[in-house]
Every structure is written in structure tokens, then in C-alpha cells.
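Participant: Structure, please.
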Amino acid sequence: MSKQFSSLGVSAPILKALNELNIVEPTEIQQKTIPLLLNEIHDVVGLAKTGTGKTAAFGLPLLQLINTELPIVQAVILVPTRELGQQIFRNLEDFGKHIPNISIASTCGGIPIKPQIERLTKPTHIVVATPGRLIDLIQRKAIDLKQTEYLVLDEADEMVSILKESLDEIVAELPKKHRTLLFSATLPGTIKQLVQNYLNKNVVQVSANMETVGNQGIDHEYIVVDPIEKLDVLMHFLNSKDGERGIIFCKTKAAVNKLAKNLAINRFSSGALHGSLSQGIRDRIMEQFREGHINILVATDLAARGIDVKEISYVVNYHLPDTYENYVHRSGRTARAGAKGLSLTVLQEEETVEIPEFEKELGIKFTKFQKPSAVSLEENNMLLWAKQIFKTKPNHDLSADLKTNVKTVFHHLTKDELIEKLMANYVLQNKVEVAEKPVKKFKK
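Facilitator: Predicted coordinates for the structure are as follows:
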């Protein structure tokens, strides 16, 4: 029989919340971490890939260890982005809903600080924060960490440069005896340095292997394209996934904006997400995606943090990620909570040499995704053109006489005959375009 949360020492109020959330069986990182945090006093380094339940691994024991009779900040959770901070805040609220008087606050950057300062004047037990905003609150003397017992560094590999600059200032506010819990998908040299500098020498390291609930359901595939056909190949793939939700990752903000514009032109239900957008817009796009009002998110790597939507069926790496860690975080957006998912990487021929390195480093296997034929791509483009026409709103500014004259031209045609002529005209126009711009021909 598989291990249950009750056997890990999780308290009754939290068990009740987990049951209501239909979370029954702990993941590997949760099985290893929860008893350690509840029963020991060591600092802990937890290594597990994204999507394996790290929030519950540290969140459940923290909620249980809080003394709700003390109106002080007892735990601080540092995160790299506001999106992830909001996700963790929501999870902790859900996990702790049956714990009387538990108080959790989110104090992340990107939004006005005054409401957060006001919130911190009330009793608060756990604070979820981005490093920059926490330091701002410390400098304004809006938060007191003098009795904080727990410091959690979540997704630490994504905060290395920030933590290098800010951790000294944060740790200086904490009591000398506090526990630091560091969680990361990988353990590069920079993280090892953080561990040496800020964690107790008796630190305990726990890890969950690659074959975890969050990763074993992902099919890793790649497709090789010529640059000129890249967008058409992507749109062919997206049409095959009509009605499903997915995320397309690009390297730069400019690439995100350009691709999102092209998808909008072709009437795909999509939205863009990157760091230059205001926090209000980012929140609105994420909410639309979570609620299913848009099906496709075009995003930079920044957005890979905090997107915990169970129904994401695919991820597309429109550009190869710069690091192995980013690939892990990107692909981990799909196959959440034991579901199946696809991670498709779009490559140019010269980039295929990277695939064996990714396989070796991450312990995964890629299979080649069959590229559609030139004819299939052209047919798909015609379908997209038809959808554009179907979704185009009538122009009420056109004169009634002009509308009557145009209708007169077509009045003797049946619906089928009109469609046939429109399709023939599309093919004719495309042939003219290809003849004028031969570089647009697809290589078969």
C-alpha cells in the first residue's frame, strides 16, 4: 500500500484540506521532506524537478509548525517571481484553510507597496516574498523578522544573482538560530556556494529522481524546420491541438510579441506574457489562461515560474532554451499532477547537435516529430484563412448601395459554388505571391 500523508505526521486539519483538494498520495520529495522538517532541526536542501510538489513539501510542515497564538512572522518564503509567489500563496491558503487563525501574506514586487505595508500591520505568520520587495519592506521597517524561525528559498537556481546581492541583508534581520530550507530543480556550482555560505554545515540534502510524478508523463519530441517555414509549421501543430491548452516559450520579449501578434492575426486564442508588461496585464492574462478564456500562452522563461495549471497538454520550445535548467522548468509546465503531456522543441538543422547533450544531462529521451509536408502546410494555411474570414466582423461603415452591388455579383451562386470560387482565388493569389517571392517556397 502506498504511503499516505497521515503516516508522514501531517496534522488532522491539513489532512482534511488535502482530502478536499483530492490530494491523496504524497510525491517522492514530499515523502522525504515532510517528516524531516517536522521532526528534525537541520537545514535542508531539497532537489526535485518542477511539478513534483515542492510547495507542499515545505508548505505543509511549515503550516503545522506555526504557533498561531504568536502574532509574529515565523516563516519567510523567497521566490524569483510574483507569479510563483501568488501560486504558493494560494496553495498555502488552500492547505491551511482548516487551521484556526493562520495568517499568510504575499508581498511580491510589481504592485504597489502601500497595501502590503498596511497588510503587515496585522498579525502575520507566513510571508511569501520576492527578495527585492522584502528588502524594501525591511528598509522601510514595515516588517519585523527578529523572531522568524524559517527561511525558505524556493526555485533557488532562478534567484542566484538576486540572492547574491540581497541575502546578506535579509539574513541579518533573522535571529541567529533559524532554519534555512533551500529548494531547487538543479544544483549548479552557484547554488553549492550559497549552501556553503548560508546553510548550517550539518545541512541535510534530499532529492527526488527524474522519474517523478511531474515528469514521467512528458513526451519529449523535436521537429526540424527551415527558418522560413517555422511559423507555418507551428500553426499546423496548433491547429492539430485545437481546444487544448498549451504554452509556447520564446527567448526574448520581442519574439514573444511578434509571435503573439501572428497568432492573433490567424485567430488563435492566445495571449503574451513577459517581464516588460505591467503587473496588472500579466495578472489579467494569467487569469484568462487559468479560467480557459484563452488556450495558448506565448511567454518568456520568466513566466515558467508560477504557472501551475493542470490542464496544459503541451509545451512548445519555439526557441531552444539557453540552459538545461530552463528546459526542465519549461517542460514541467505540462504533465502536472500525474497527467500526460508533450514538450515539443522546434529546431533548425544546425541545432540538432544539442539534442544528445540535453538527453545526457537531463536523463531523458527525445523522439523526432514528423514535419508536415509542404502540401499539408499550404492546406493548413487555407484553413486559417477561412477561419479569419469566418471570424471577421461585418463592416457597417460600407454603404448600402455598395453592399447591394457586391451581392448582385454573387447572387446567382450557391453557397458551395461561392466557397469553391473563394478557395480557387486563394490558391491563385498564393501562386502569384510565390512566383513573385520565390524564397517563400517550402523545401520538401
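Participant: which residues touch the residue nearest to residue 316 when sequence neighbours are not counted?
Facilitator: Among residues not flanking residue 316 along the chain, residue 248 sits closest, at 4.4 Å (C-beta to C-beta, 6 or more residues apart in numbering). In short, each C-beta sits where N, CA and C put it, glycine included. Shown in contact with residue 248 (C-beta atoms under 8 Å, 6 or more residues apart in numbering): 234, 259, 296-299, 315-316, 318.
Participant: could you measure residue 248 against residue 260, distance?
Facilitator: For residue 248, the distance to residue 260 equals 9 Å [C-beta to C-beta, to the nearest Å].
Participant: Confirm residue 386 sits in a helix?
Facilitator: Yes: assessed with DSSP: H, G, I helix; E, B strand; the rest coil, residue 386 lies in a helix.
Participant: in the stretch 151-300 of the chain, which ranges drop under the pLDDT threshold?
Facilitator: By pLDDT under 70, the low-scoring segments of the stretch 151-300 of the chain are 209-216.
Participant: so where do the helices sit in it?
Facilitator: All helices of the stretch 151-300 of the chain, identified by DSSP state H, counting those that start in this stretch, fall at 160-171, 189-198, 230-240, 253-265, 279-290.
Participant: Give me the contacts around the helix or strand containing residue 379.
Facilitator: Counting by DSSP states H and E, the element that carries residue 379 is helix 374-391. Applying C-beta under 8 Å, 6+ apart, the contact partners of helix 374-391 are 229, 232-233, 235-236, 239, 265-267, 372, 422-423, 426-427, 430, 442-444.
Participant: Touching the very next helix or strand once past it from outside, list them.
Facilitator: Following helix 374-391 in sequence order, the next helix or strand is helix 400-410 (DSSP H and E). Applying C-beta under 8 Å, 6+ apart, the contact partners of helix 400-410 are residue 418.
Participant: next one: helix 400-410 to chain centre, how far?
Facilitator: For helix 400-410, the separation from the chain centroid amounts to 50 Å (computed by C-alpha atoms, centre = their mean, to the nearest Å).
Participant: Can I get the contacts of residue 248 in JSON lines including distance to residue 290 and neighbour count?
Facilitator: JSON lines is the format used below for the contacts of residue 248 (distance: C-beta to C-beta, whole Å; neighbours: other C-beta atoms under 10 Å):
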{"residue": "234", "distance to residue 290": "23", "neighbour count": "21"}
{"residue": "259", "distance to residue 290": "21", "neighbour count": "21"}
{"residue": "296", "distance to residue 290": "13", "neighbour count": "23"}
{"residue": "297", "distance to residue 290": "10", "neighbour count": "26"}
{"residue": "298", "distance to residue 290": "16", "neighbour count": "29"}
{"residue": "299", "distance to residue 290": "14", "neighbour count": "28"}
{"residue": "315", "distance to residue 290": "16", "neighbour count": "27"}
{"residue": "316", "distance to residue 290": "19", "neighbour count": "23"}
{"residue": "318", "distance to residue 290": "22", "neighbour count": "18"}
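Participant: of all those, which comes closest to residue 38?
Facilitator: Nearest to residue 38 among the contacts of residue 248 is residue 315, at 34.5 Å by C-beta to C-beta.
Participant: export whichever helix or strand the closest one is part of as PDB, just CAs?
Facilitator: Assessed by DSSP H and E, residue 315 sits inside strand 312-317. Output of strand 312-317 as PDB, limited to C-alpha atoms (Å, rounded to 0.1, in the frame of the first residue of the first chain):
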ATOM      1  CA  ILE A 312      -1.800  22.200 -20.000                       C
ATOM      2  CA  SER A 313      -1.400  19.400 -22.600                       C
ATOM      3  CA  TYR A 314       1.700  20.700 -24.400                       C
ATOM      4  CA  VAL A 315       4.600  23.000 -24.300                       C
ATOM      5  CA  VAL A 316       6.400  24.300 -27.400                       C
ATOM      6  CA  ASN A 317      10.000  25.500 -27.200                       C
END
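Participant: quick one: average confidence on stretch 33-41?
Facilitator: Stretch 33-41 shows a mean pLDDT of 93.
Participant: List the buried residues in that stretch.
Facilitator: By neighbour count on 16 or more other C-beta atoms under 10 Å, the buried set for stretch 33-41 is 33-34, 36-38.
Participant: for stretch 281-292, same thing?
Facilitator: Going by 16+ other C-beta under 10 Å, stretch 281-292 has these buried residues: 282-283, 285-286, 289.
Participant: Output that stretch as PDB - backbone C-alpha positions only.
Facilitator: Provided in PDB are the C-alpha atoms of stretch 281-292 (Å, rounded to 0.1, in the frame of the first residue of the first chain):
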ATOM      1  CA  ILE A 281      -1.700  43.000 -17.600                       C
ATOM      2  CA  ARG A 282       0.300  39.900 -16.600                       C
ATOM      3  CA  ASP A 283      -2.200  39.100 -13.900                       C
ATOM      4  CA  ARG A 284      -5.100  39.500 -16.300                       C
ATOM      5  CA  ILE A 285      -3.500  37.300 -19.000                       C
ATOM      6  CA  MET A 286      -2.700  34.600 -16.400                       C
ATOM      7  CA  GLU A 287      -6.300  34.700 -15.100                       C
ATOM      8  CA  GLN A 288      -7.700  34.400 -18.600                       C
ATOM      9  CA  PHE A 289      -5.400  31.400 -19.200                       C
ATOM     10  CA  ARG A 290      -6.300  29.700 -15.900                       C
ATOM     11  CA  GLU A 291     -10.000  30.200 -16.500                       C
ATOM     12  CA  GLY A 292      -9.800  28.800 -20.000                       C
END
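Participant: Need the nearest residue in space to residue 85, chain neighbours excluded.
Facilitator: In this structure, residue 85 finds its nearest non-sequential neighbour in residue 108, 4.0 Å apart by C-beta to C-beta, 6+ apart.
Participant: Quick check on the one you found: phi, psi?
Facilitator: Dihedral angles of residue 108 (phi, psi; degrees, to the nearest 10) stand at phi -110, psi 160.
Participant: measure it to residue 128 for me?
Facilitator: Taking C-beta to C-beta, one finds residue 108 at 7 Å from residue 128.
Participant: quick one: contacts of stretch 39-48?
Facilitator: For stretch 39-48, the external contacting residues (C-beta under 8 Å, 6+ apart) are 9, 27-29, 32-33, 36-37, 54, 57-58, 179-187, 195, 199-200, 202-208, 212.
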